[in-house]
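> test case, fold it:
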Amino acid sequence: MVSGPSGVGKDTLIKMLLKTTDGIYRSISATTRSPRPGEVDGSDYYFLSKEQFEQDILGGKFLEYAQYGPNYYGTPQEAVETRCLTGEDVLLEIEVQGAQEIKRKLPHAILVFLLPPSIEELERRLRNRGTDSEERILDRLSIAKKEIELVRLYDYKVVNSDINKAADELRCIVQAERLRVVN
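Numbering: from 1, shown residues only. Predicted coordinates:
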């Protein structure tokens, strides 16, 4: 599971990992937020209405879900369980609360936290995206500070100050975990 504050580069690093490492299934999360330019429903996220998301919660269709700011995010349970049963590596991009919930359910899961080099750099990245209002940027920064305090709950941390170095470190974590002796 890969977590980190909004704007830290999770999507970019995961795409780089998937291009260089075979045998990983990227779980597609569901969300109630609006798609960003270029995002495709069913590929980047499953974009659901709030009403549909809440129906799926009641139907037990999520391995975990959480509200992040004004939007819901969740991990559809069926696809993850199916892939795990076949022995595939399953990669989840997930917020902190959801990662902890899944770790309780699946103790063998590996948690990686992506950190920005600084809060100032994170703010610069959020502003350069040009997708959020000033209020939303400040909200994301406030949430990021709280999330960063929880890095101690993770197995690994990767600082994304250089995208290629961070992608290589993420790939090394996957390779190391594949070589782990399981008793």
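> contacts, neighbours, all on C-alpha from now
Noted.
> pLDDT of the longest helix anywhere in the chain, averaged?
Secondary structure of the chain read by DSSP state H shows that its longest helix is helix 163-179. If you average the pLDDT over helix 163-179, you get 96.
> could you do stretch 100-118 as well?
92.
> mind listing what's buried in that stretch?
By 16 or more other Cα atoms under 10 Å, the buried positions in stretch 100-118 come out as 100, 102, 109-116.
> equivalent analysis for stretch 82-93, please.
Those would be 89-93, for stretch 82-93 by 16+ other Cα under 10 Å.
> now the strands for the protein?
For the chain, strands defined by DSSP state E occupy the ranges 2-3, 24-26, 30-31, 46-47, 62-68, 71-76, 89-91, 112-115, 156-159.
> for the ones you listed, which one sits closest to residue 125?
strand 112-115 (12.7 Å; Cα to Cα).
> about what we covered before: so which of the buried residues of stretch 100-118 comes closest to residue 48?
residue 102 (21.5 Å).
> who touches the closest one in this structure?
63-64, 109 (Cα atoms under 8 Å, 6 or more residues apart in numbering).
> can I get those in CSV including distance to residue 17?
Converted to CSV, those look like this (distance: Cα to Cα, whole Å):
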residue, distance to residue 17
63, 23
64, 24
109, 18
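> for the residue lying closest to residue 42 once chain neighbours are set aside, report the pLDDT, please.
Distance criterion Cα to Cα, 6 or more residues apart in numbering; nearest residue to residue 42, sequence neighbours excluded, is residue 28 at 7.2 Å. Looking at residue 28, its pLDDT is 93.
> what about residue 28, how many residues nearby?
20 (other Cα atoms under 10 Å).
> does it really touch residue 40, like I thought?
No - applying Cα atoms under 8 Å, one finds residue 28 not in contact with residue 40, separated by 11.1 Å.
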